[in-house]
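Enquirer: predicted model and sequence follow; I will ask about them next.
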Amino acid sequence: MASKTAQKRLLLLMPTTTYRAEPFLEAAQRLGLDVIVGSDRCHRLADYWHIPLALKFRDPDRAVLDIIRSAQEQPVHAIVPVDDRTTVIAARASAALGLPHNSAEAADAARNKRRMRELVTAAGVRCPAFAVVESRDEARLAASRVAYPCVLKPLLLSASRGVIRADTPDEFVAAFDRIQRILFHSPDLPSSPDPDSTRILVEQFIPGREVAVEGLLTGGRLRVLAVFDKPDPLDGPFFEETIYVTPSRLPQSVQDAIIACTSQAARAIGLSEGPVHAELRVNETGPWIIEVAGRSIGGLCSRTLRFGLGITLEELILRHAFGLEVDHLQRQGEASGVMMIPVPATGILKGVEGVANAKAVPGIEDVQITAKPGQMLVPLPEGASYPGFIFARGKTPGFVEKALRRAHRRLRFDIVPQLPVAGGG
Ligand code: ADP
Ligand code: CA
């Protein structure tokens, strides 16, 4: 394996704060790749052997130029973005350097909820009816006209930040104001004045069960790596992700419809290469696209997936990026799942008790508390990160789900309450 990729160089684009650094760097090492890490701050990965490249992610034009300049001295053979913020930069730099990748337009549409809805709707794929509002006056007018319940959300954020359900016109306007405050305080929006960074999407609330599809596109063909059920009801007003369990317990015919819908949506958006992470709702009328992102599952959640020969999701993504065979790799073995631990309250974390007890629950593989003592915890819709993750594996999805819930009940978060801050942390 390593010999095939010897002398090959990878440019990994990742924010300093990502959880994915280690699994991607480990995968690159297993494949014998040279690695340049393009990152937005001087980071603390000093133990690793990679070459650092400082990039300004908030200024994509500049970041693309800096990548091209760096590649003239040190050619790269693939550029892999690790999260939402870097997908567009990777696509544009790849196009400039002649590397196979999603088109810049597709990467942009997968990042921008307005573009995504427009393209998916135009292709006739089922997704919520939507409208875009810009000003408070428009919001008031829309509030008196839309059908309820509806969902309001920013166009360019992720991880459910600023996603709010409204059941009445008053809730609509309050949600609009709240999202505006979140956007005003958001550090990761592009510094260039993109009008979509302050626009707000309003869409029909789709009731039903939610699933996530993890897949890999090669030449536009979707290979499904896993379908996850999200067994907790996600009815709002905020949409905190908690449990993901695979394989799905939905009937095969429903899963087939989910996969077909995902594939059509990816095609409509123009995504053709690399990972996709899609979210759908399913009810008695069939599947509905909520979102298709041109990246892999976030946080530490990729740990739930193992493929043939113990290969990780990150290794699969790198193998694909370097044109290596991936078709024979199937998800391995038993059911598995993860719980993104919900933020229990707004406040400063003092400590967490019961971790050893939670780990002792049969089926639990690991409990990772990623929040540090002294850290401010902010729930949705303002907050952006989970205090930790619980991982489980077992014979059936039902067993895995129960294990995650039991382990979670054994954790005690000691939090010094604080008043919520405008715009959150
Ligand atoms: P983000 O990119 O921030 O994750 P999403 O559009 O995926 O934003 O929304 C986050 C979550 O909010 C979804 O996973 C879903 O649970 C809920 N949600 C969003 N839009 C809708 C909708 N139209 N109907 C029902 N639930 C929705
Ligand atoms: Ca989402």
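Expert: Structure received. Just so it is clear, the model here is predicted, and its values are computed rather than measured. Residues are numbered from 1 along each chain as shown. Ligands and ions are numbered 1, 2, ... in the order given.

Enquirer: please see if stretch 85-93 touches ligand 1.
Expert: No: judged by CB under 6 Å from any ligand atom, stretch 85-93 stays clear of ligand 1, getting no closer than 12.2 Å. Heads up, the C-betas are built off the backbone N, CA and C, glycines and all.

Enquirer: CA atoms only: put that stretch into PDB for me.
Expert: Provided in PDB are the C-alpha atoms of stretch 85-93 (Å, rounded to 0.1, in the frame of the first residue of the first chain):
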ATOM      1  CA  ARG A  85     -14.800  25.900   6.000                       C
ATOM      2  CA  THR A  86     -12.000  24.500   3.800                       C
ATOM      3  CA  THR A  87     -14.000  22.700   1.100                       C
ATOM      4  CA  VAL A  88     -14.400  25.700  -1.200                       C
ATOM      5  CA  ILE A  89     -10.700  26.700  -0.900                       C
ATOM      6  CA  ALA A  90      -9.700  23.100  -1.700                       C
ATOM      7  CA  ALA A  91     -11.900  23.000  -4.800                       C
ATOM      8  CA  ARG A  92     -10.600  26.300  -6.200                       C
ATOM      9  CA  ALA A  93      -7.000  25.500  -5.500                       C
END
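
Enquirer: mind saving the C-alpha coords of stretch 345-362 as PDB?
Expert: Extracted C-alpha coordinates of stretch 345-362, given in PDB (Å, rounded to 0.1, in the frame of the first residue of the first chain):
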ATOM      1  CA  ALA A 345     -26.400  24.200  30.700                       C
ATOM      2  CA  THR A 346     -24.800  27.500  30.000                       C
ATOM      3  CA  GLY A 347     -21.800  28.000  32.200                       C
ATOM      4  CA  ILE A 348     -18.100  27.300  33.000                       C
ATOM      5  CA  LEU A 349     -17.200  23.600  33.100                       C
ATOM      6  CA  LYS A 350     -15.500  22.700  36.400                       C
ATOM      7  CA  GLY A 351     -15.300  19.000  35.800                       C
ATOM      8  CA  VAL A 352     -17.000  15.800  34.800                       C
ATOM      9  CA  GLU A 353     -17.700  12.800  37.100                       C
ATOM     10  CA  GLY A 354     -18.600   9.300  36.300                       C
ATOM     11  CA  VAL A 355     -16.500   8.800  33.200                       C
ATOM     12  CA  ALA A 356     -15.000   5.500  34.400                       C
ATOM     13  CA  ASN A 357     -18.500   4.300  35.400                       C
ATOM     14  CA  ALA A 358     -19.900   5.300  32.000                       C
ATOM     15  CA  LYS A 359     -17.000   3.400  30.300                       C
ATOM     16  CA  ALA A 360     -17.900   0.300  32.300                       C
ATOM     17  CA  VAL A 361     -21.300   0.000  30.600                       C
ATOM     18  CA  PRO A 362     -21.300  -3.100  28.400                       C
END
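
Enquirer: mind listing residues that contact that stretch?
Expert: Here stretch 345-362 makes contact (CB atoms under 8 Å, 6 or more residues apart in numbering) with 364, 366-367, 369, 371-379, 387-388, 390, 394, 403, 406-408, 410-420.

Enquirer: buried residues of that stretch, list them for me.
Expert: By neighbour count with 16 or more other CB atoms under 10 Å, stretch 345-362 contains the buried residues 346, 347, 349, 352, 354, 355, 358, 361.

Enquirer: mind giving me TSV with these and columns for secondary structure?
Expert: Shown next, in TSV, are the buried residues of stretch 345-362 (DSSP: H, G, I helix; E, B strand; the rest coil):
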residue	secondary structure
346	coil
347	strand
349	strand
352	strand
354	coil
355	helix
358	helix
361	coil
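
Enquirer: on the three-state scheme, the closest residue to ligand 2 within the chain is what?
Expert: Among all residues of the chain, residue 291 sits closest to ligand 2, at 4.4 Å; criterion: CB to the ion. Three-state call for residue 291 (three-state DSSP): strand.

Enquirer: how many neighbours does it have?
Expert: The tally of other residues near residue 291 (other CB atoms under 10 Å) stands at 18.

Enquirer: how about it, what does it touch?
Expert: Counting by CB under 8 Å, 6+ apart, residue 291 has contacts 113, 116, 278, 279.

Enquirer: swap the cut-off to 6 Å and go again
Expert: Residue 291 is in contact with residue 279, counting by CB atoms under 6 Å, 6 or more residues apart in numbering.

Enquirer: partner residues bridging it?
Expert: residue 279 (DSSP bridges).

Enquirer: what about it, distance to residue 241?
Expert: Separation of residue 291 from residue 241 (CB to CB, to the nearest Å) stands at 12 Å.

Enquirer: rewinding a little: could I get the buried residues of stretch 345-362 as JSON lines with distance to ligand 1 and pLDDT?
Expert: Conversion of the buried residues of stretch 345-362 to JSON lines gives the following (distance: CB to the nearest ligand atom, whole Å; pLDDT from 0 to 100):
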{"residue": "346", "distance to ligand 1": "20", "pLDDT": "94"}
{"residue": "347", "distance to ligand 1": "23", "pLDDT": "95"}
{"residue": "349", "distance to ligand 1": "23", "pLDDT": "97"}
{"residue": "352", "distance to ligand 1": "26", "pLDDT": "97"}
{"residue": "354", "distance to ligand 1": "28", "pLDDT": "98"}
{"residue": "355", "distance to ligand 1": "28", "pLDDT": "98"}
{"residue": "358", "distance to ligand 1": "25", "pLDDT": "98"}
{"residue": "361", "distance to ligand 1": "27", "pLDDT": "98"}
